[in-house]
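Participant: Have a look at this fold, sequence not included:
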C-alpha cells in the first residue's frame with residue numbers, strides 16, 4: 001500500500017517576535033487531499049504557522065515545502081494557494097463576479113474561460129444567480145461563501161482558511177462548516193483550517209493539530225484526539241472534564257487502585273496520559289472523566305461495570321436533547337450529561353453516580 005504524499009511540510013520552524021517565542025522548532029506534514037485543522041488557544045502559534053505556509057511571514061529558522069518544493073523564500077503570490085480570512089476581505093466596490101474575476105485576471109485567464117470557472121464555483125458554494133450583487137447586498141454567510149469561492153476559482157494547489165467562521169452566528173457557523181467540508185471533499189483540494197473552536201475542529205477535520213505555547217501537543221484524528229489524548233493539556237483543552245486528586249494504593253494487572261477522599265477508584269492502566277507510564281503505591285495522581293461518561297441513577301444498581309458512589313444533585317440544566325447535572329461527590333462538584341432524566345430529581349436529591357474504569361484518564365502529578 002502506497003503512502004499518501006505530503007503537499008505541505010514544515011521542518012524545524014522557529015519564529016520569535018522580540019522575546020516572545022511564537023513557534024518553537026515545530027515539524028508538520030499535511031497529506032495530499034486532507035483537511036487538517038490547527039487548533040489551540042489564542043497565542044498558541046496556529047495563525048503564525050498558517051502565515052508561514054502562506055508566505056506572509058518567514059521563519060527565523062526552518063523551512064517550508066509545498067508539493068516537495070522549498071518555498072521558504074518564495075513570495076505568497078507565487079505559492080499557488082487560495083486564502084480565506086475571517087473578515088471576508090472582499091472588494092466592496094466590485095460585484096460578486098468582479099471579485100471572483102480578480103484572481104483570474106491576474107493569472108491572465110481568458111474571459112470565456114473565466115465565465116465557466118465562475119459559474120461552476122458559484123454553483124459549488126450555492127450562490128448561483130447572485131453574481132451581480134455587491135458585498136453590501138449580501139448577508140454575512142453569503143459574503144463568506146463568496147470569499148471561499150474567490151479562493152477556489154483560481155484552482156489553487158492549497159486552500160488556507162484562517163478562522164473563517166468566527167464572525168458568524170452559531171447557526172451560520174454550523175451550516176458553513178458542513179459546506180466547507182462538502183466542498184473540500186468534492187474538489188479534493190488540500191486544506192489547512194485554523195480555529196480555536198473545538199467543535200469545528202472535531203466535526204470537520206481528517207486530522208487535528210493541537211497546539212500550545214508554540215509547540216505541537218498532538219496530531220491525530222478527531223476521535224483519537226478526544227478519546228486518547230497524549231498530554232494533559234489536550235485532555236483539558238478538548239471538551240469538558242471533571243478532575244480528582246488521588247493517591248495510588250495498588251496495581252494489579254491493568255487495574256490501578258487510587259484513593260480519592262474516603263473512596264477507592266479503579267482505573268485502567270491503558271488510560272495513563274503522557275510518557276510516564278510507571279506508577280507505584282504512594283504516587284500522587286490526577287484523575288479525569290468526561291461528563292458524558294458519568295452515569296447517574298436514582299438507585300444503587302448492581303453492575304460489575306460501574307463503580308457507583310452516593311452523590312447529591314446541586315443543579316439541573318436542560319439542554320434540549322440532554323440534561324446537564326451538577327452533583328456533589330467527595331466534597332467536589334462533578335458535572336455529567338445524561339438523556340436518562342428522572343422527573344423526581346431536583347436540587348438536593350440523593351442519587352448515585354458511577355463510571356466504567358476504562359472511562360477514567362489518569363496522569364502522574
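Facilitator: Good, I have the coordinates. Predicted, not measured: the structure shown is a model, and the values here were computed from it.
Participant: What is the distance between the helix or strand containing residue 116 and the centre of its chain?
Facilitator: Element membership for residue 116 (DSSP states H and E) is helix 111-124. Centroid displacement of helix 111-124 relative to its chain, using CA atoms, centre = their mean, to the nearest Å, is 32 Å.
Participant: Return the residues in contact with the residue most central in space within the chain.
Facilitator: Centroid-nearest residue in the chain, with CA atoms, centre = their mean: residue 201, separated by 2.8 Å. Counting by CB atoms under 8 Å, 6 or more residues apart in numbering, residue 201 touches 37, 39, 193, 195, 208, 222. Placement of C-beta: from N, CA and C, glycine included.
Participant: And for residue 86?
Facilitator: The contact partners of residue 86, by CB under 8 Å, 6+ apart, come to 162-167.
Participant: Mind doing that once more with 6 Å?
Facilitator: 163-164, 166-167 (CB atoms under 6 Å, 6 or more residues apart in numbering).
Participant: For ChimeraX, what selects the buried ones among these?
Facilitator: Selecting just the buried residues from these in ChimeraX takes one command, with 16 or more other CB atoms under 10 Å as the test:
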select :163,164
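Participant: what about the protein, any weak spots by pLDDT?
Facilitator: Along the chain, segments meeting pLDDT under 70 span 1-2, 275-277, 302-305.
Participant: can you do 80?
Facilitator: 1-4, 86-88, 167-168, 252-253, 262, 274-278, 300-307, 330 (pLDDT under 80).
Participant: domains for it, by residue range?
Facilitator: 6-229, 242-364 (automatic domain parsing).
Participant: Comparing those domains, which comes out most buried?
Facilitator: Comparing those by mean neighbour count (mean count of other CB atoms under 10 Å), domain 6-229 ranks first with a mean of 18.
Participant: which residues touch the helix or strand containing residue 267?
Facilitator: Per DSSP H and E: residue 267 is located in strand 263-268. With contact meaning CB under 6 Å, 6+ apart, strand 263-268 is reached by 254-258, 357-358, 360, 362.
Participant: From residue 268, how far out is residue 248?
Facilitator: The gap separating residue 248 from residue 268 is 14 Å, by CB to CB, to the nearest Å.
Participant: do the same with residue 179
Facilitator: For residue 179 relative to residue 268 (CB to CB), the value is 40 Å.
Participant: Skipping its backbone neighbours, what lies nearest residue 75 in space?
Facilitator: Of all residues not flanking residue 75 in the chain, residue 55 sits nearest, at 5.8 Å (CB to CB, 6 or more residues apart in numbering).
Participant: who touches the one you found in this structure?
Facilitator: 75-76, 79.
Participant: change it to 7 Å
Facilitator: 71, 74-76, 79 (CB atoms under 7 Å, 6 or more residues apart in numbering).
Participant: before we move on, what about residue 124?
Facilitator: By CB under 7 Å, 6+ apart, residue 124 lies in contact with residue 183.
Participant: hmm, try it at 10 Å
Facilitator: With contact set as CB atoms under 10 Å, 6 or more residues apart in numbering, residue 124 has these partners: 145, 148-149, 152-153, 179, 182-183, 186-187.
Participant: and what of residue 148?
Facilitator: 82, 84, 88, 121, 124-125, 127, 159, 161, 164, 176, 179-180, 183-184.
Participant: Next: residue 259.
Facilitator: With CB under 10 Å, 6+ apart, residue 259 has these contacts: 246-250, 265, 281, 285.
Participant: Determine which two of these are furthest apart.
Facilitator: 265 and 281 (14.6 Å; CB to CB).
Participant: Once you drop chain neighbours, what's closest to residue 33?
Facilitator: residue 188 (5.1 Å).
Participant: Tell me the secondary structure at the closest residue to residue 30 other than its chain neighbours.
Facilitator: Of all residues not flanking residue 30 in the chain, residue 8 sits nearest, at 3.8 Å (CB to CB, 6+ apart). When classified by DSSP: H, G, I helix; E, B strand; the rest coil, residue 8 comes out as strand.
Participant: Quick check: residue 8 vs residue 63, distance?
Facilitator: 11 Å.
Participant: Check the contact lists of the two and give me the overlap.
Facilitator: Common contacts of residue 8 and residue 63 (CB under 10 Å, 6+ apart): residue 71.
Participant: Just name whatever secondary elements the longest helix belonging to the chain is in contact with.
Facilitator: When the chain is parsed with DSSP state H, its longest helix is helix 170-187. Judged by 3 or more CB pairs under 10 Å, 6 or more residues apart in numbering; DSSP states H and E, helix 170-187 is in contact with strand 35-39, helix 111-124, helix 140-153, strand 158-162, strand 190-195, helix 198-204.
Participant: Sweet, I'm off.
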